[in-house]
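Undergrad: Need a 3D model of the sequence below.
(4 chains)
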2 protein chains.
Amino acid sequence: MELDQLTECYKAMADKTRLNILALLRHEELCVCELVDILKMTQPSISQHLRKLKQAKLVKERRNSQWIFYSIDGEIYPFIKANLEALPDMSAKIEELKASGGKVCC
Amino acid sequence: MELDQLTECYKAMADKTRLNILALLRHEELCVCELVDILKMTQPSISQHLRKLKQAKLVKERRNSQWIFYSIDGEIYPFIKANLEALPDMSAKIEELKASGGKVCC
DNA sequence: ATTTTATATAAACATATGGTTATATACTAA
DNA sequence: TTAGTATATAACCATATGTTTATATAAAAT
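TA: Next up, the predicted model:
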């Protein structure tokens, strides 16, 4: 692949918050406010991280009325599956969110 | 894996020069001055990039008298092979180096 | 229409990063 | 021991990055 595209990919992954987001999206698509809830960060911060991931084509978005749901993309990267598999399991965080009634949305 | 370890790995890969170094080392181990030659960058700059790669355990070093040869490591990362395979082929650069008599060393 | 909710963008700031120049260290050769 | 070669480290600087606060946009509900 092109080095510039690869650099953008790894830059996008070179941040703990963004790896957390990817790890969460592995389980299911989530909207911004759910990520804010789970990661306990401000909404603009999450939005900007999502923008980087989207620019690197690691996530895609889908609008559903007032919410925008993000999900894993990365299909342009032949290696992405292997990388995502190395991310820690975050299902507990997702369960927490659902238990606290924070799911669908918000 | 641990998110901190993964973050360090992707940070190390999030730079064009370092991806170039990894792409070159895929072919064979190289010493610092050979990398300086091929990448046409200053020696301190290359050294500092190598340090980052080494800290992330993506490369390892082997001393041979006055030279230090770097080679691919990354064995702590289950995905690293897939990632290295996506790097562009740099064999032409290596051939150039050998043709110009710059090999073994320096 | 106006208000509320969800998200994005902008401006400002502190910290991180990469490059350069200068210097230190490690080994070799004389 | 001294000089030369290979590499590492340090100090400095410019640019990039991530966070915060404030504001803008878009859709929903009233």
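Undergrad: A:Gln66 and B:Glu75, how far apart?
TA: From A:Gln66 across to B:Glu75, the span is 47 Å (C-beta to C-beta, to the nearest Å). Heads up, the C-betas are built off the backbone N, CA and C, glycines and all.
Undergrad: Let me fix that, I meant to ask about A:Glu28.
TA: The separation that A:Glu28 has from B:Glu75, given C-beta to C-beta, amounts to 32 Å.
Undergrad: So which residues of chain A form strands?
TA: A:30-31, A:59-64, A:67-72 (DSSP state E).
Undergrad: Tabulate those in a markdown table, adding columns for mean neighbour count, distance to B:Gln5 and mean pLDDT.
TA: Formatted as a markdown table, these follow (neighbours: other C-beta atoms under 10 Å in any protein chain shown; distance: least, C-beta to C-beta, whole Å; pLDDT from 0 to 100):
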| stretch | mean neighbour count | distance to B:Gln5 | mean pLDDT |
| --- | --- | --- | --- |
| strand A:30-31 | 22 | 24 | 97 |
| strand A:59-64 | 14 | 22 | 96 |
| strand A:67-72 | 17 | 21 | 97 |
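Undergrad: Make a markdown table from those strands and add distance to DNA strand D to it.
TA: Converted to a markdown table, these look like this (distance: least, C-beta to the nearest atom of the strand, whole Å):
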| stretch | distance to DNA strand D |
| --- | --- |
| strand A:30-31 | 13 |
| strand A:59-64 | 7 |
| strand A:67-72 | 9 |
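Undergrad: Same list (the ones you listed) but as a markdown table, adding distance to B:Asp15.
TA: Listed next are the strands of chain A as a markdown table, based on distance: least, C-beta to C-beta, whole Å:
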| stretch | distance to B:Asp15 |
| --- | --- |
| strand A:30-31 | 30 |
| strand A:59-64 | 22 |
| strand A:67-72 | 24 |
